[in-house]
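Chemist: sequence plus predicted model, see below.
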Amino acid sequence: MSGIAVLLIVVAVLTAVVAVAIAVAAVRAARRRTPARPAPAAPAAPRDPFADTAETSGDPLALKAGDMLDFGAERSWIRGTLRLSEGGSTWAEHFLEVEGGRRWLSVEQDPDVQMALWTSRPDLDLTPHSDTLELEGVRYRLVERGTASYRSEGTTGLRAEGGMDYADYEGPDGRHLSFERFDHGRWEPSVGTTLAPGSFTVYPGG
C-alpha cells in the first residue's frame, strides 16, 4: 500500500473520531439546556374543612349566630349573640336553640379561655341580695358584680344595644349561679357549669 493511501486512511479515521466527539458534545450540551421534568405531584390528602380554626374542635372566641355546636350526644345552633364589654374586659353570650327553655354559652378570655353552659331559671325567686346564696342544697358565694354594655347579634330578644347589670356566684365542682338584669329590667337567675376546652366541636355557619 502506498504512503498516500495510508495517509488517506488515517485522515478518514481522524475525521470520523472528530465527528463522533462533536456529536457527543452536542448531545451533552442539549441535555444541559433541557430542564428536568418535575416529578408528578402527589394527590392532595383529605383535608379537614375546619382545619384553619385555632383548635381541632373550633375556636370558641370566633363563635357567631348561625354556627352549629356538636356536644357529642347533642347538637345545637347559635340563634344569637351578645357582645358585652365593661372597661377593658369583653366577653360573649351565645344563645342556643332549645325547646322549652333558654340556654346559652358564655365565652371569655381572662387570660385563658373560660366557658360555661347556662340554663335560665325563671322559676327561682332569688335576687343577688347577699354575698352567699343557697340553692337546692348548694352554697354559692359572690365572686363578681358589675355593669356592662351589650351589642346584640341575631335573635336574642333584646335591643340592638343596651346595658346590663350582673352578679356572678360560684359553687363547688364548677357550678355557677348568675343574675343578669338588662336595660333596668328584673333580675334573671341562671345556673351554669364550667366547660373544658374541647367539650364541643364548632361547625361554622355560612
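Modeler: Thanks, I have the structure now. Residues are numbered from 1 along each chain as shown.
Chemist: pLDDT on the lengthiest strand in the chain, on average?
Modeler: Criterion DSSP state E: the longest strand present in the chain is strand 138-154. Average pLDDT, strand 138-154: 97.
Chemist: residues in contact with it?
Modeler: When contacts are defined by Cβ atoms under 8 Å, 6 or more residues apart in numbering, strand 138-154 is touched by residues 64-66, 78-86, 95, 128, 130-134, 158-172, 175-177, 182. (Each C-beta comes from the backbone N, C-alpha and C, glycine too.)
Chemist: strands of the chain, residue ranges please.
Modeler: 68-70, 75-86, 89-96, 103-109, 113-120, 132-135, 138-154, 161-170, 175-182, 188-195, 201-203.
Chemist: can you redo these as a markdown table with mean neighbour count and distance to residue 60?
Modeler: As requested, those are arranged in a markdown table below (neighbours: other Cβ atoms under 10 Å; distance: least, Cβ to Cβ, whole Å):
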| stretch | mean neighbour count | distance to residue 60 |
| --- | --- | --- |
| strand 68-70 | 18 | 9 |
| strand 75-86 | 18 | 11 |
| strand 89-96 | 19 | 9 |
| strand 103-109 | 19 | 5 |
| strand 113-120 | 18 | 6 |
| strand 132-135 | 14 | 27 |
| strand 138-154 | 15 | 16 |
| strand 161-170 | 18 | 19 |
| strand 175-182 | 21 | 17 |
| strand 188-195 | 19 | 9 |
| strand 201-203 | 18 | 7 |
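Chemist: which stretch among those comes nearest residue 57?
Modeler: Residue 57 lies closest to strand 201-203 among those, at 4.9 Å (Cβ to Cβ).
Chemist: for residue 195, give me its contacts.
Modeler: Neighbouring residues of residue 195 by Cβ under 8 Å, 6+ apart: 105, 115, 116, 117.
Chemist: and the pLDDT for the third one?
Modeler: In other words, residue 116. You'll see residue 116 listed with a pLDDT of 97.
Chemist: could you measure from it over to residue 95?
Modeler: With distances taken as Cβ to Cβ, to the nearest Å, residue 116 is found 14 Å from residue 95.
Chemist: show me the residue at the heart of the protein, geometrically.
Modeler: residue 59 (2.3 Å; Cα atoms, centre = their mean).
Chemist: where does pLDDT dip in the protein?
Modeler: Regions of the chain meeting the criterion pLDDT under 70 cover residues 1-56, 206.
Chemist: now with 50, please.
Modeler: 6-8, 10-11, 13-14, 17-18, 20, 24, 27, 32-36, 44-56 (pLDDT under 50).
Chemist: rewinding a little: correct me, but the residue nearest to the centre of the chain touches residue 200?
Modeler: No. Checked against Cβ atoms under 8 Å, the pair residue 59 and residue 200 is beyond contact range at 11.8 Å.
Chemist: any idea what the closest residue to residue 110 other than its chain neighbours is bridged to?
Modeler: Closest residue to residue 110 apart from its sequence neighbours, by Cβ to Cβ, 6 or more residues apart in numbering: residue 89 at 7.2 Å. Beta bridges link residue 89 to residue 86, judged by DSSP bridges.
Chemist: try the one 5 residues further on
Modeler: Judged by DSSP bridges, the bridge partners of residue 94 are residue 81, residue 105.
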